[in-house]
Every structure is written in structure tokens, then in C-alpha cells.
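Asks: Here is a sequence together with a model predicted from it:
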Amino acid sequence: MKHALSISRLTKRFLVQGRNLIALQDINLSVAQGEFITIIGPSGCGKSTLLRCVAGFESPTQGAIQVEGQKVSRPGIDRMMVFQGLDQLFPWLTALDNVAFALRVTKTAHGMAKSRALAREYIGLVGLTRYEDFYSHQLSGGMKQRVAIARALSVQPKILLMDEPFGSLDAFTRKALQEELASIWHKTRVTVLFVTHNIEEAIIQGDRIIAMSSQPGRILSVIDNPISRPRSQESHEFIEIQETLHRLLGIQKSPSQELLRPPQRPVPFEEVETPHLVATL
Ligand SMILES: Nc1ncnc2c1ncn2[C@@H]1O[C@H](COP(=O)(O)OP(=O)(O)OP(=O)(O)O)[C@@H](O)[C@H]1O
Ligand SMILES: [Mg+2]
């Protein structure tokens, strides 16, 4: 069976100041079409690196990534990314034209009229019809993220990559956007990889939750989420998964359920110098 996404034996090392830093080690993951996967783990465990490898912004040191059976070797519009930062939009374009522009450059829609008509549908999907003529500086943080989601979805990617997309938003806006994303996902059935630091968010959104460890970044556990949507945080199963994640990630329960960022520790360098550098010494 062809998976929407298949990651096999993925290892990613970076060469930093002459030493090998292992960001990801032996990651294996298969994702079915339409699955919503959340990824959680401490700062520096390689969550963004994993998304960047799937996006094709980084190439694996070892292992392979396939999307519907095709090897990923470069970025492509079949994998679109939404980031945490609230400055992802082109400030000189309106909300509508940010989406329309993406449609034109990717040749998803041709010409101004067609691209704007299609962009209007996606702006509607994220509930921003009344704000389509607003520029970035006239939109709230939540609205900006909605436009970024509309823009990413408008080119109809096979996989939507979301790197802490609600991480810069206040608790109320985050909750509203979580609900909205769940409803958009329900309508589009796009396959999603969603990185978060928030345990509740990981359980609310994820059909499967990937817990990662750091130094080096590995998958600690893949948790199936049997709770039907919309997921009640009061349910016995929710609390059980919450406790499992706390145990796995080795953290104390905090009122906000946010993962506490650990103190900065030395990066996970391999012991051996690379042959290339040894040769130049
Ligand atoms: N381009 C790069 N060059 C060198 N090292 C990198 C590069 N990108 C990431 N790293 C290193 O890889 C490790 C994983 O980084 P990554 O950004 O993937 O972590 P993360 O889990 O997303 O962290 P956070 O939760 O803080 O966003 C870190 O030690 C980081 O320093
Ligand atoms: Mg990150």
C-alpha cells in the first residue's frame, strides 16, 4: 500500500564547527492519507528539522522520505508549510492577494481573475471573507495565521506541514484556531504533520501523537488517539494520554500543560571528528 508519507531510517546530521551534530536518528514513520499527526518533544529534539526534511528544505544524511511512493528530493507544492511566526504574509499584498499570488506562481490557477476567484474560496474556508482586502498589518495574529493556512491549502498540497502554527497566539485565539483547523481538516481531509509544545493541543488535534526525545532526536513513542472529535479534555482517555505523555517526556504537570523548555545543554555531538576535518588538521 502507498502511504501518503513514508519516512524510513531517517537520520539527519549537521556539521557545526567541524563536528557532527545528530539532529535526528533513525526516524521511521508511515502516515496514511488524511491522517492528522501531531509531534511533540522538548526544544531541540528535531521537530522542525523533521518537517524541513519532509518539506525538502533539508536532505537526509541517511534514509529516505517518500510522498505517495515518490522520493522527496526537493521542495514541492505537494508539501506546504505553515510556520509559527506571524510575519509569513507579503505585507504589500492584501489577504486575498497573498493567496491569489501563491495560486499564480504555483500555476494552480492562471490569470488574475481565476486566481482571485479561487483565493476567495480559501479565504472563505478560513472565515475571513470580510477581511479579504486587509493588509497584514491590519490583521490580528490569528487572522494572519488563517491567511497562511488558506494560502498553504489553496494549492491543494498532499501534506500540510505545520510548525507550531499557533505557538505565538494567546490561549483564546489558539483554541479558536484549533477548532477551526479541525473543521478545515474535516472538509479537506488533507494529511497533516503538526508540531506543538502543548500537550493538550497534541491530543486535541492528533489522530496519532508522536513523542520525541532529544540528543539525539528519536521517536520515543507513537500513541494512537482513540478519542472521537471534538475531543473532550475531561474524558478519562484524554487524561490517560496526557499522563502517558507526561511520563514519556519526563515532565511535571503544569497548569498550562506547556512543555517546559529545558535549560540549554550542549548539543548532541558525535564523539568522532569527520574524516574531512581530521584530514585538514
Ligand atoms: N541548519 C542547521 N545547522 C546546524 N544545526 C542545526 C540546523 N538546524 C537545526 N540544527 C540543530 O538541530 C537540532 C534540532 O533542531 P530543531 O530546530 O529541529 O529542534 P526543535 O525540536 O524544532 O526545537 P524547538 O522546539 O526549539 O523549535 C538542534 O540542536 C539545532 O541546533
Ligand atoms: Mg522547532
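Replies: Received the coordinates, thanks. Ligands and ions are numbered 1, 2, ... in the order given.
Asks: The one residue sitting closest to the centre of the chain: what secondary structure?
Replies: Per Cα atoms, centre = their mean, the C-alpha nearest to the average position across the chain is that of residue 162, at 2.5 Å. Taking DSSP: H, G, I helix; E, B strand; the rest coil as the rule, one finds residue 162 in the strand state.
Asks: ok, it touching residue 190?
Replies: No. The criterion here is Cβ atoms under 8 Å, and residue 162 misses it with residue 190 at 10.6 Å. To be clear about C-beta, it is placed using only N, CA and C from the backbone, and glycine gets the same treatment.
Asks: tell me the contacts of residue 205?
Replies: Residue 205 is in contact with 36, 38, 178, 181, 182, 192, 194, 196, counting by Cβ atoms under 8 Å, 6 or more residues apart in numbering.
Asks: Could you check how far the closest residue to it other than its chain neighbours is from ligand 1?
Replies: Leaving aside its chain neighbours, residue 205 sits nearest to residue 38 (5.2 Å; criterion: Cβ to Cβ, 6 or more residues apart in numbering). Per Cβ to the nearest ligand atom, to the nearest Å, residue 38 is found 13 Å from ligand 1.
Asks: count of neighbours near residue 38?
Replies: Per other Cβ atoms under 10 Å, the neighbour tally for residue 38 reads 25.
Asks: which SSE is it in?
Replies: strand 36-40 (DSSP states H and E).
Asks: That strand - contacts with which helices or strands?
Replies: On a contact count with 3 or more Cβ pairs under 8 Å, 6 or more residues apart in numbering; DSSP states H and E, strand 36-40 meets helix 47-55, strand 191-196, helix 199-205, strand 208-213.
Asks: Ok, which of these comes nearest ligand 1?
Replies: Closest to ligand 1 of the helices and strands packed on strand 36-40 is helix 47-55 (Cβ to the nearest ligand atom; 3.3 Å).
Asks: Just the residues contacting that closest one, thanks.
Replies: Residues contacting helix 47-55 (Cβ under 8 Å, 6+ apart): 5, 7, 10, 12, 23-24, 27, 39-41, 58-60, 65, 67, 72, 75, 79, 81, 159, 161, 163, 193, 195, 212, 217.
Asks: again, only this time at 7 Å
Replies: 5, 10, 12, 23-24, 27, 39, 41, 58, 60, 65, 72, 75, 79, 81, 159, 161, 163, 193, 195, 212, 217 (Cβ atoms under 7 Å, 6 or more residues apart in numbering).
Asks: picking that back up, as CSV, could you dump the C-alpha coordinates of the strand holding residue 38?
Replies: C-alpha atoms of strand 36-40 as CSV (Å, rounded to 0.1, in the frame of the first residue of the first chain):
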residue,chain,number,x,y,z
PHE,A,36,-3.6,14.1,11.4
ILE,A,37,-0.3,13.6,13.1
THR,A,38,0.9,15.7,16.0
ILE,A,39,4.6,15.8,17.0
ILE,A,40,5.7,16.8,20.5
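Asks: Much appreciated, bye for now.
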